[in-house]
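Asker: just the structure for this:
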Amino acid sequence: MLPNGALVVAGGRPALNLWASPSGAAAGPWLKYDLPTEHNKLATSAADKFCTAFEHANVSLGWYQSSCYTTVSALNADTGLVCYEKQGATSGGGKAVPAACRFSGSTQYCMRFTIASK
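Answerer: Numbers count the residues shown, from 1 in each chain. Model prediction:
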């Protein structure tokens, strides 16, 4: 929970998302942010970007480019930090990762976000 009362959670598999309830109510309404899409908008290097096929991923995609491990921390009243992982070709799922989306290794990223309370 941010100091302003907004409730924020993040998670992955099959997708990688950040959800926020600006009112702090568990019942919502919830705002959903697709982290690979937001990440790709900010990345300046092609090597740092998620495969575009992983943007807006869901269970029907059948493969993953991230783990389910995320961390959310408050920085100040309205601002937080979400940390997540971009994984290579062995990241799991039922289907093989498309050749265009394979790379070796894994990288951790953190992204700052702002959620104004309501």
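
Asker: center of the protein - which residue?
Answerer: Centroid-nearest residue in the chain, with C-alpha atoms, centre = their mean: L35, separated by 3.2 Å.

Asker: wouldn't that one be in contact with Y84 here?
Answerer: Yes: contact status for L35 versus Y84: in contact at 5.8 Å, counting by C-beta atoms under 8 Å. Placement of C-beta: from N, CA and C, glycine included.

Asker: count of neighbours near L7?
Answerer: 18 (other C-beta atoms under 10 Å).

Asker: residues in a beta bridge with it, which ones?
Answerer: S21 (DSSP bridges).

Asker: follow-up on the earlier one: got the contact list for the residue nearest to the centre of the chain?
Answerer: Neighbouring residues of L35 by C-beta atoms under 8 Å, 6 or more residues apart in numbering: 10, 12, 16-18, 66, 82, 84, 111.

Asker: what of L18?
Answerer: Applying C-beta under 8 Å, 6+ apart, the residues contacting L18 are 8-10, 32-33, 35, 70, 72, 82, 113.

Asker: next one: C68
Answerer: 11-13.

Asker: show me the shaky parts of this structure.
Answerer: Applying pLDDT under 70 to the chain picks out residues 89-93.

Asker: between L35 and Y84, what contacts are shared?
Answerer: 10, 12, 16, 66, 111.

Asker: show me which of those is closest to N76.
Answerer: Distance to N76 across these (C-beta to C-beta) is lowest for M111, with 15.6 Å.

Asker: which non-adjacent residue is nearest that closest one?
Answerer: Excluding the flanking residues, the one nearest M111 by C-beta to C-beta, 6 or more residues apart in numbering is V82, at 5.5 Å.

Asker: now swap in C110 and tell me
Answerer: Here the residue nearest C110, using C-beta to C-beta, 6+ apart, is C83, at 4.2 Å.

Asker: in the sheet, who's paired with the one you found?
Answerer: T71, C110.

Asker: ok, it - contacts?
Answerer: Here C83 is in contact with 70-73, 108-111 (criterion: C-beta under 8 Å, 6+ apart).

Asker: would you list these in TSV and tack on distance to N58 and neighbour count?
Answerer: What follows is the contacts of C83, written out as TSV (distance: C-beta to C-beta, whole Å; neighbours: other C-beta atoms under 10 Å):
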residue	distance to N58	neighbour count
T70	17	18
T71	23	11
V72	21	19
S73	27	12
Q108	23	11
Y109	21	16
C110	24	10
M111	21	16
